[in-house]
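Peer 1: okay, here's the prediction I keep looking at, along with the sequence it came from:
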Amino acid sequence: MKLWGGRFEGGAAQSAEAFGASIGFDRRLWPYDVLGSAAHCRMLARQRIISHENAAAILGGLARVAEDLTQGALDFSPAWEDIHTRVEGRLRELIGDPAGRLHTARSRNDQVALDLRLFAREALLAGVEHLREAQDSLLWLAERWPDAVMPGYTHLQRAQPILFGHHALAYVEMFQLDAERLLDCYRRTDVLPLGSGALAGVPYPIDRAYVAELLGFNAISANSLDAVADRDFVVEQVAALALVAAHLSRLCEELVLWSSAEFGFVRIDDAYATGSSIMPQKRNPDMAELIRGKTGRVYGHLLGLLTVLKGLPLAYNKDLQEDKEAFFDAVDTVHASLAIAAEMLRTAQPRVERMSATAAADFATATDYSDHLARQGMPFRDAHAVVGALVRDCEARGIDLADLLLDELQAASPLFGPDIVGLTAERVVAARDVPGGTAPGRVREALGTARERWQALGREVARRRSRLPTAERLLSDALPRETEG
């Protein structure tokens, strides 16, 4: 059954039918197609555009269609073209002529825009939940090893000692901003396009506000042309997911490095590592590598979506069918990556002794020697030069700054005092007692704040989920009393 076949004499070429069909991937939209159809039906009955009897038959039929789809009882042959045709075709098989009234005051153009927005809203909330899982694992690590000291890096060279928890909180912060971006994107996604028709609106006394209420939308689209052609909300979500993927990739790159013998900072659990087919000793961090590799895939989807949109005239064009595979795969890829990352982090074992042993190595405390001189009144640039010369001398002698005695330090500058002798990584860390710094008290404070924000994100997701439509409510037989007769 073609929804558009009335003016055509012949059927589509089999090759063209297969090439143009989207049901192979848009079939995952069926729950949203059913919900949107149920809300539309209820509005049509409430406005007396269709009869109460027809509406009741349609709702009952949609409930049976949903049951068939849940049980996998329907085929998805390319001949059905898209999920909208499949749902309506099965509805017609079940209830006959009343099914034909469902599409009154509706086009596939605003129908698919609605389905995609319903999917996108749930994907955004699911994305935040996955980010919270990853945050929870990172917070658990930081809370379990609150005093572990490790080297911090710039240019992948040891720079200054920091707390392991401080490093973990850097990724918690990244994921926090990612979650906030998704929730901000939700606001622009939470707009009802249904009622726009094919492009110009519809000539029926519809009640769009009522449909928005039934489907839990916060706003109604302001322009029918834009509503059916708009996929900015898809691009925006995929762009936000691309940033999530970037942050995951950075985290996984560090896990790959840290699990190597050269670093030895962490042991990834066997459940998230693999072996070699030829080298018996190998433990490869394959899950971390895969997450890192999948980032390019998400970037590609973002560029592909932007390219699809860049030359489209208003309003709907078939090109827009190309949005779904990229969108779905970006969502699935990032959500799966976050889930695996959360599991992998929760089971990882930091090697605290190894991290601590290297925290002050390679002159990572040198900046504090410069700061010591600066606090005694020496210009910092001069202090930098003095300590640089000491580092050069220590390198030649094969010792560290902490090995220098007071008289050796004072030979370089009489401003050196006894409190700088034998400076440890723990003292360097404790000195960074500023907001956002790595001092133990600041990190404990940041952990508490991060937990509070983590809990607040959970409450916000629950609040928004409570407004989403349910099949139990929309597919019930109960219709507004004013539709009777």
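Peer 2: Looks like it came in fine. Numbering: from 1, shown residues only.
Peer 1: C-alpha only now, for contacts and for neighbours.
Peer 2: Noted.
Peer 1: so where do the strands sit in this protein?
Peer 2: Using DSSP state E, the strands assigned to the chain run over residues 149-154, 157-163, 191-192, 219-220, 266-267, 349-350.
Peer 1: in the second one, which residues are buried?
Peer 2: Buried residues in strand 157-163, counted by 16 or more other CA atoms under 10 Å: Arg158, Ala159, Gln160, Pro161, Ile162, Leu163.
Peer 1: so what strands line up beside it?
Peer 2: Partner strands for strand 157-163, per DSSP bridges, with pairing direction: strand 149-154 (antiparallel).
Peer 1: how close does the closest residue to Gly293 other than its chain neighbours get to Val172?
Peer 2: Among residues not flanking Gly293 along the chain, Ser249 sits closest, at 7.7 Å (CA to CA, 6 or more residues apart in numbering). In this view, Ser249 and Val172 are 14 Å apart by CA to CA, to the nearest Å.
Peer 1: what do you get for Val256?
Peer 2: 19 Å.
Peer 1: of those two, which one has the most company?
Peer 2: For Val256 and Val172, the more surrounded residue by other CA atoms under 10 Å is Val172, and the numbers stand at 24 against 21.
Peer 1: what about the nearest residue to that one once chain neighbours are set aside, how many neighbours?
Peer 2: Sequence neighbours aside, Gln135 is the residue nearest to Val172 in space, at 5.3 Å (criterion: CA to CA, 6+ apart). Residue crowding around Gln135 was assessed by other CA under 10 Å; the count is 26.
Peer 1: what residues are up against Gln135?
Peer 2: When contacts are counted by CA atoms under 8 Å, 6 or more residues apart in numbering, Gln135 touches Tyr171, Val172, Phe175, Gln176, Ala342, Trp454.
Peer 1: same deal with Leu257?
Peer 2: Under the criterion of CA under 8 Å, 6+ apart, the neighbours of Leu257 are Phe263.
Peer 1: verify the stated contact: Leu220 with Ala212.
Peer 2: Slight slip there: residue 220 is Ile, not Leu. Yes - here Ile220 reaches Ala212: they are 7.0 Å apart, a contact under CA atoms under 8 Å.
Peer 1: overlap of the contact sets of those two?
Peer 2: Residues touching both Ile220 and Ala212 (CA under 8 Å, 6+ apart): Leu192.
Peer 1: helices of the stretch 151-300 of the chain, start to end?
Peer 2: Shown for the stretch 151-300 of the chain, the helices assigned by DSSP state H, counting those that start in this stretch span residues 164-189, 208-215, 224-229, 232-258, 286-309.
Peer 1: for the spatially closest residue to Ala99 that is not a sequence neighbour, list the residues it contacts.
Peer 2: Leaving aside its chain neighbours, Ala99 sits nearest to Arg92 (5.1 Å; criterion: CA to CA, 6+ apart). The contact partners of Arg92, taken as CA under 8 Å, 6+ apart, are Pro98, Ala99, Gly100.
Peer 1: between these, which has the most around it?
Peer 2: Comparing the contacts of Arg92 on neighbour count, Ala99 comes out first with 22 neighbours (neighbours: other CA under 10 Å).
Peer 1: surely it meets Val87?
Peer 2: No - shown here, Ala99 and Val87 do not form a contact pair, counting by CA under 8 Å, at 10.1 Å.
Peer 1: give me the low-pLDDT residue ranges for the stretch 251-400 of the chain?
Peer 2: Low-confidence segments of the stretch 251-400 of the chain (pLDDT under 70): none present.
Peer 1: was I right about Gln47 contacting Tyr204?
Peer 2: No - Gln47 is beyond contact range of Tyr204, at 9.3 Å (criterion: CA under 8 Å).
Peer 1: more neighbours, these two?
Peer 2: The residue with the greater number of neighbours, taking Gln47 and Tyr204 and applying other CA under 10 Å, is Gln47; the counts read 16 against 13.
Peer 1: now do the phi/psi pair for that one.
Peer 2: phi -90, psi 0 (degrees, to the nearest 10).
Peer 1: next one: it from Arg464, what distance?
Peer 2: 28 Å.
Peer 1: now stretch 354-362 - C-alpha only, PDB.
Peer 2: Listed next in PDB are the C-alpha coordinates belonging to stretch 354-362 (Å, rounded to 0.1, in the frame of the first residue of the first chain):
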ATOM      1  CA  ARG A 354      53.800   3.300  41.000                       C
ATOM      2  CA  MET A 355      52.100   6.700  40.600                       C
ATOM      3  CA  SER A 356      53.500   8.000  43.800                       C
ATOM      4  CA  ALA A 357      57.000   6.900  43.000                       C
ATOM      5  CA  THR A 358      57.000   8.900  39.700                       C
ATOM      6  CA  ALA A 359      55.100  11.900  41.000                       C
ATOM      7  CA  ALA A 360      58.200  13.900  41.900                       C
ATOM      8  CA  ALA A 361      60.600  12.300  39.400                       C
ATOM      9  CA  ASP A 362      62.100  14.200  36.400                       C
END
